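Chemist: when you get a sec, could you give me coordinates for this:
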Amino acid sequence: MSGPFGSSQWMYKSGETIDWGGTRGIFAGGTSGNGGTAAGTADSIDYVDIGGSNADASDFGDMSSVRYSLMSVCSTARTVFMGGHGPPYYQNEMSYITTASLGNTTDFGDLDVGGGGAGHQCSNGIRGVYGGYQRSGVSYSDEIDYITIATTGNSTTFGDLDTVRGGPSGSSNGVRGLFWAGNINATPAHNKYIQYVTIASTGNATNFGNMTRIVTANGACGNADRNISFGGHYGSLQDTIEYVNPASTSDTSDFGNLINAQYMNNGAETAVRGFITGGYGNVAYEDTISYITFATTGNATDFGNMTVGRYSHATGSGA
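Modeler: Presented below is the predicted three-dimensional model:
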């Protein structure tokens, strides 16, 4: 079977490996605490075997600094953390871990300007693409940038979103990267629009369809067949999970519900399962890890717990 750029680029099926994730889940940084107490900003990184049976997370290592509202992209080998709010408030640092081993982050390069956004972004395992994050000097941005995950270096301009946005969540099927909702301008005005890019090329985003909800601070993840978005906030905390087939353009369909309503959560994926981690919900700093099976619609199921409650954190997965 060819990779995402070969003649079989649409032939990934649930149950096979994916190049933008794997069976070790990674959870890093964020605003953290213990059930609503002991608030702080985390530099810790957790991991858990999301390809196995239910389990709690263990300590992986530390980032170079405390950060929340950071972004992340993955290959099977690396998870790269980008930007975030610290201090300083707008960080331009990118760092990475080798997902299969334990240890602290290593310097990767720099964003063109410091900023932060929604953790999980778009990847095909070769390129990581991210856009619409809050940037130093402007409230929101329409810029999309990318990195080559296997090669350290600074970010490069990819194209633009339809309009300036703050914090759209990202997902991928290995060919297309989807940007879900986010705030438009600095009003803030929430929206329900999904846009997509072709990860292997550069250019502006194209309209994909609409979510059923107007929402912000929602999470997302995906395999080759389905991409999902979940949770978020619009007037109240949300527990909805909705999905699309990323190979075609369309509006979303209902998938199921989270264990409880929450926002500022984040996702990770194997080829079979989508994982929902952390968030602000029943308690201020949720430590829960839950999952869905992409091929079967239904509600989320409890998997385990992170070492500390987190929201506005980064997530990833790899082999």
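Chemist: for the residue nearest the centre of the chain, name its beta-bridge partners.
Modeler: Nearest to the mean C-alpha position of the chain, by CA atoms, centre = their mean, lies H120 at 1.1 Å. Here H120 sits in beta bridges with S72, going by DSSP bridges.
Chemist: surely it meets N218?
Modeler: No. The pair H120 and N218 does not pass the contact test of CB atoms under 8 Å, sitting 10.5 Å apart. To be clear about C-beta, it is placed using only N, CA and C from the backbone, and glycine gets the same treatment.
Chemist: joint contacts of these two?
Modeler: S169 (CB atoms under 8 Å, 6 or more residues apart in numbering).
Chemist: picking up where we left off before, A268 versus the residue nearest to the centre of the chain, what's the distance?
Modeler: According to CB to CB, to the nearest Å, H120 stands 7 Å off from A268.
Chemist: mutual contacts of these two, please.
Modeler: If you check H120 and A268 against CB under 8 Å, 6+ apart, the residues they both contact are C221, T315, G316.
Chemist: G232 contacts A181, correct?
Modeler: Yes. The pair G232 / A181 is scored as a contact, 7.2 Å apart, by CB under 8 Å.
Chemist: overlap in contacts of these two?
Modeler: V215, T216, N218.
Chemist: ok, and the closest non-adjacent residue to S250?
Modeler: For S250, ignoring the flanking residues on the chain, the nearest one in space by CB to CB, 6 or more residues apart in numbering is G209 at 4.8 Å.
Chemist: with Y140 instead?
Modeler: Nearest one to Y140, counting by CB to CB, 6+ apart, is G166 at 3.9 Å.
Chemist: show me what the strand or helix carrying I292 is packed up against.
Modeler: According to DSSP states H and E, I292 maps onto strand 288-293. When contacts are defined as 3 or more CB pairs under 8 Å, 6 or more residues apart in numbering; DSSP states H and E, strand 288-293 packs onto strand 273-277, strand 301-305.
Chemist: show me what the mean pLDDT comes to for the last one.
Modeler: What that stands for is strand 301-305. The pLDDT scores in strand 301-305 average 98.
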